[in-house]
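# Next comes the sequence, and after it the predicted model I'd like to discuss.
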Amino acid sequence: MNRFRRAASGILVPLAALGFWQLLSSMGWVNPVILPSPMQVLVKWWAYLRPLEVFDPAQGSYLAWCFSGELIHDALGSLYRVLVGFLIGGGLALPLGLAMGYSRLVYGLFNPLIQVLRPIPPIAYIPLSILWFGLGNPPAVFLISIGAFFPVLMNTVAGVQNVDSIYLRVGRNLGASRLTQFTRIILPAATPYIFTGARIGMGTAFIVVIVSEMIAVNNGLGYRILEAREYLWSDKIIAGMFTIGLLGLGIDTLMSRLSSHLLKWHRGLEQA
Amino acid sequence: MSGAAHISVQAVHKVFQSGGQEVHALKAINLEIPQGQFVCLLGPSGCGKSTLLNAVAGFSLPSSGSITVEGATITEPGPDRGMVFQEYALFPWMTVEQNIAFGLQIKGLAKPAIQEKVDGLLAMLHLEDFRRRHPKDLSGGMRQRVAIARVLAIDSPIMLMDEPFGALDALTRRNLQDELLRLWTELKKTILFVTHSIEEALYLADRTVVMTYRPGTLKRDLAIDLPRPRDVASPAFNALKKELSQLLMEEQSRHNQDEFKHAAVD
């Protein structure tokens, strides 16, 4: 009952906003080119999602046909870039973060450079990324990996540095080697931080993918939004924007589910 | 290594810096603990009892003097001196079973041998039903049982215990004290046990060493010859309790005076 009420109260504000928006359009208070009605957006969304051709068995399977819509194609393109960029950025940040957190020497060597590079938004790399990687996926993936790199790095460093020293004392007391201490104590103790970093990094990757698709590629949700702007298709712009929002929410929910499953042992996580 | 071991503390001093001031935590400590003895270190907070325990454990070495176990000088922590901490210090990402097995894996035992040993310890400490739980799902008393099992697993001849039952309620505390006495009688370990509870020291120990407030020295070394199980209501028990209270009170008032002095300076 309680759960139901919480879900109901969570949907209240979005419904009200939608109602207000519909009211604005129905009363003719806004130009539909500037702000199309929710209904109009929904119709366009469906048109964007559904397959363009009539089903023809000669062309391929039914399943393939179902997924032949433009929206699916764009969403998959964006997701692919997000995942590859995230894996490269996070994959480089993780070992560096572990080393920086564990060793004061490594921290001292790398931290000044990191602190100078960190405030530079990935968007500022756009000109260079095109010079270095040309057009297509490589520059986009490069920008996304920069976006994912820093959150994962900073959280990994903090995670290792914040390992409670009593665990290390127990490890030494039981006679653990440095390697065992690292793999069996420091690494698991730091995972809550690392997972948080991964979640933030994934969020950043989603922000960057849209920007990156506006410059160098010819599919993806970011590209489609920009293309729709050329034709003043506000409804399609909004449909694309909501798709990004829902996709991001889906991925974040997935990651938070995964981390709370893997970190069942961790008190204080996901308790709110 | 099994059975008990002999600990020898010779002329140990420990000085450390705290807020720009030199604190003489331990001064000229001499202590011989024979094999298999159960010794309690008793004193008010700030008397250096935990400092002494940490020195024996090898976490922080003496500024001068030496501590030897079976004749070998202590230079670092090691599995011959298993430690039980007040805050349990179980690894929260490991289950009860995994926590107990950890020290055995470090020792490099084969899997079946580890399993056998862990099963035995789970039975010995009545933890069988909790083997796959994580520490966060256990009560304080249960956690401390796991911590004791983890130390027993590595079969160290010496057990160091730093106010292990300090955070437990009275009933659980008595329960675990009895359990500890049973294990000690059975396994014949040398135990060095830090506490600030007079009753706990009198209930458990063969011998209670009272320490003074800064600098930490040995104030009184008292053999407790009462037969076990001890009756906390007996006249003999209470006579000793009175004697120790008197000693402790003196140190506590020195501690209080010191705090007032610092408060005045601040």
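Received the coordinates, thanks.

# Show me the domain layout of the chain.
If you meant another chain, say so; for now it's chain A. Using automatic domain parsing, the domains assigned to chain A come out as A:1-30, A:32-262.

# you looked at the wrong chain, it should be chain B
Taken from automatic domain parsing, chain B resolves into B:7-80+B:157-265, B:89-155.

# so does the shortest one get close to chain A?
The one in question is domain B:89-155. Yes: judged by CB under 8 Å from any CB of the partner chain, domain B:89-155 and chain A are in contact via B:89, B:91-94, B:102-103, B:106-107, B:134-136, B:150, B:154. Every C-beta, even on glycine, is put in place using the N, C-alpha and C of the backbone.

# tell me the mean pLDDT over that domain?
Domain B:89-155 comes out with an average pLDDT of 95.

# Tell me, how many residues neighbour residue 254?
Just so you know, I chose chain A. Other residues within reach of A:Leu254, judged by other CB atoms under 10 Å in any protein chain shown, total 11.

# I was thinking of chain B, sorry if that wasn't clear
Look at B:Arg254: counted by other CB under 10 Å, it has 16 neighbours.

# Please apply the same query to B:Ala223.
10.

# for residue 38, what are its contacts?
Picked chain A for this. By CB atoms under 8 Å, 6 or more residues apart in numbering or on different chains, the contact list for A:Pro38 reads A:Leu18, A:Trp21, A:Gln22, A:Ser25.

# ah, no, chain B please
Taking CB under 8 Å, 6+ apart as the test, what B:Phe38 contacts is B:Trp184, B:Thr190, B:Ile191, B:Phe193, B:Leu204, B:Ala205, B:Asp206, B:Arg207.

# same thing with B:His24?
By CB under 8 Å, 6+ apart, B:His24 lies in contact with B:His13, B:Lys14, B:Val15, B:Arg214, B:Pro215, B:Gly216.

# With A:Ser78 as the reference, measure out to A:Val141.
Taking CB to CB, to the nearest Å as the measure, A:Val141 falls 12 Å from A:Ser78.

# got it, and B:Arg254?
Separation of B:Arg254 from A:Ser78 (CB to CB): 71 Å.

# Residue 8 is in what secondary structure piece?
Since no chain was named, I'll use chain A. Here A:Ala8 is covered by helix A:2-26, with elements defined by DSSP states H and E.

# try chain B instead
Here B:Ser8, judged by DSSP H and E, is contained in strand B:7-18.

# Just give me the neighbour total for the residue nearest to B:Gly166 when sequence neighbours are not counted.
Closest residue in space to B:Gly166, ignoring its immediate chain neighbours: B:Gln86 at 5.0 Å, by CB to CB, 6 or more residues apart in numbering or on different chains. Burial of B:Gln86 is recorded as 18 neighbouring residues (other CB under 10 Å).

# Make a PyMOL selection of whichever of the contacts of A:Pro38 turn out to be buried.
In PyMOL, a selection of the buried entries from the contacts of A:Pro38 looks like this (16 or more other CB atoms under 10 Å in any protein chain shown):
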select buried, chain A and resi 21+25
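
# ok, which pair from the contacts of A:Pro38 is furthest apart?
A:Leu18 and A:Ser25 (10.9 Å; CB to CB).

# just to revisit the earlier point, worst mean pLDDT among the domains of chain B?
Lowest mean pLDDT within the domains of chain B: domain B:7-80+B:157-265, at a mean of 91.

# How far away from the center of its chain is that one?
A distance of 7 Å separates the centroid of the chain from that of domain B:7-80+B:157-265, by CA atoms, centre = their mean, to the nearest Å.

# Got phi/psi on B:Ile191?
Backbone torsions for B:Ile191, taken as degrees, to the nearest 10, come to phi -120, psi 130.

# didn't it look like it was pressed against B:Asp162?
No: using CB atoms under 8 Å, B:Ile191 is not in contact with B:Asp162, being 11.9 Å away.

# where does B:Gly65 land in three-state SS?
Secondary structure, DSSP: H, G, I helix; E, B strand; the rest coil: B:Gly65 is strand.

# ok, it - how many residues close by?
B:Gly65 sits with 18 neighbouring residues when counted by other CB under 10 Å.

# got the contact list for residue 117?
No chain in the question, so chain A it is. By CB under 8 Å, 6+ apart, A:Leu117 lies in contact with A:Phe150.

# actually it's chain B I care about, not the one you picked
B:Leu104, B:Leu109, B:Ala153.

# Give me the buried entries from those.
B:Leu104, B:Leu109, B:Ala153.

# so the last one touches B:Gln98, yeah?
No: in this structure B:Ala153 lies outside contact range of B:Gln98 using CB under 8 Å: 11.4 Å.

# State the number of residues packed around A:Leu49.
14.

# For the closest residue to it other than its chain neighbours, give me its contacts.
In this structure, A:Leu49 finds its nearest non-sequential neighbour in A:Leu71, 4.4 Å apart by CB to CB, 6+ apart. Shown in contact with A:Leu71 (CB under 8 Å, 6+ apart): A:Trp45, A:Tyr48, A:Leu49, A:Ala239, A:Thr243.

# Check which helix or strand the second one maps to.
Counting by DSSP H and E, the secondary-structure element that holds A:Tyr48 is helix A:38-49.

# Same question for that helix: list its buried residues.
So for helix A:38-49, counting by 16+ other CB under 10 Å, buried means A:Pro38, A:Gln40, A:Val41, A:Lys44, A:Trp45, A:Tyr48.

# What about A:Thr204, how many residues nearby?
Residues contacting A:Thr204 under the criterion other CB under 10 Å number 24.

# Look up how far chain B lies from it.
A:Thr204 sits 27 Å away from chain B, going by CB to the nearest CB, to the nearest Å.

# I'd assumed B:Leu176 was in contact with B:Gly141.
Yes: between B:Gly141 and B:Leu176 there is a contact under CB under 8 Å: 6.1 Å.

# Compare these two (neighbour count), which wins?
B:Leu176 (20 against 17).

# ok, the more buried one - contacts?
By CB under 8 Å, 6+ apart, the contact set of B:Leu176 is B:Gly141, B:Gln144, B:Arg145, B:Pro164, B:Phe165, B:Leu168.

# again with A:Gln59
A:Glu53, A:Trp65.

# Just the pLDDT at it, thanks.
On pLDDT, A:Gln59 comes in at 75.

# With A:Asp252 instead?
pLDDT, A:Asp252: 92.

# Please, which helix or strand holds it?
Assessed by DSSP H and E, A:Asp252 sits inside helix A:234-262.

# repeat for A:Pro188
With secondary structure defined by DSSP H and E, A:Pro188 is part of helix A:187-213.
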